[in-house]
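**Student:** Here is a sequence together with a model predicted from it:
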Amino acid sequence: MSIEQRNLQVVAQLGERWNSGDHEGVLELYHDEIVMPASPEWLDAGPWVGKHQVAQNQADWASAWDTIEMAAERVEAAGNRIVLIGSWLSRGAASGAGSTTPIVIVFTLEEGLIKGFDWSWEADDALRLAGVG
């Protein structure tokens with residue numbers, strides 16, 4: 001199996017585990033030195049560094065939703081980077097309102113684990129960043 005195939009499998013497992021509510025399982029896919037920056041549009045301070053901070057941020061964020069699932073529409077591999085283009089499908093815990101929010105994430109993997117996230121609003125920018133195409 002190539003590195004790209006292995007990395008694609010890790011990102012697929014991330015989506016499966018997140019969508020099933022297995023947040024502990026999601027953490028197993030993260031490198032100990034993971035870094036997750038905040039998107040410029042977020043009010044959160046970020047970046048979150050290390051599994052503990054990323055886990056706390058994800059737990060806080062997920063608690064705002066009755067449901068929150070990742071739907072991948074396109075996934076591209078380029079060496080140690082994987083670009084996921086898709087949507088968050090969510091329903092607010094307090095409001096009950098449903099939402100579909102586009103997402104573009106560039107994952108950087110090391111040793112078969114997710115070491116970083118980069119968020120983007122533009123798929124073309126993310127694909128260029130990752131060296132896809």
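**Tutor:** All right, it came through fine.

**Student:** Output the helix or strand of the chain with the lowest mean pLDDT as PDB, nothing but the C-alphas.
**Tutor:** Across the helices and strands of the chain, mean pLDDT, DSSP states H and E gives its lowest value to helix 123-130, namely a mean of 83. Written as PDB, here are the backbone C-alpha positions of helix 123-130 (Å, rounded to 0.1, in the frame of the first residue of the first chain):
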ATOM      1  CA  ALA A 123     -11.300  24.300  -2.800                       C
ATOM      2  CA  ASP A 124      -8.900  25.500  -5.500                       C
ATOM      3  CA  ASP A 125      -6.600  27.200  -2.900                       C
ATOM      4  CA  ALA A 126      -6.600  24.100  -0.800                       C
ATOM      5  CA  LEU A 127      -5.800  21.900  -3.800                       C
ATOM      6  CA  ARG A 128      -2.900  24.200  -4.700                       C
ATOM      7  CA  LEU A 129      -1.600  24.300  -1.100                       C
ATOM      8  CA  ALA A 130      -1.500  20.500  -1.100                       C
END
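
**Student:** got a list of what M1 touches?
**Tutor:** Listed by Cβ atoms under 8 Å, 6 or more residues apart in numbering, the contact set of M1 is empty. Glycine gets a C-beta too; all of them are placed from N, C-alpha and C.

**Student:** again, but for G25
**Tutor:** Counted by Cβ under 8 Å, 6+ apart, G25 has contacts Q13, R17.

**Student:** what about the residue lying farthest from the centre of the chain, is that helix, strand or coil?
**Tutor:** Going by Cα atoms, centre = their mean, the residue of the chain most distant from its centre is S95, 24.3 Å out. What DSSP: H, G, I helix; E, B strand; the rest coil gives for S95 is coil.

**Student:** what do you get for G21?
**Tutor:** coil.
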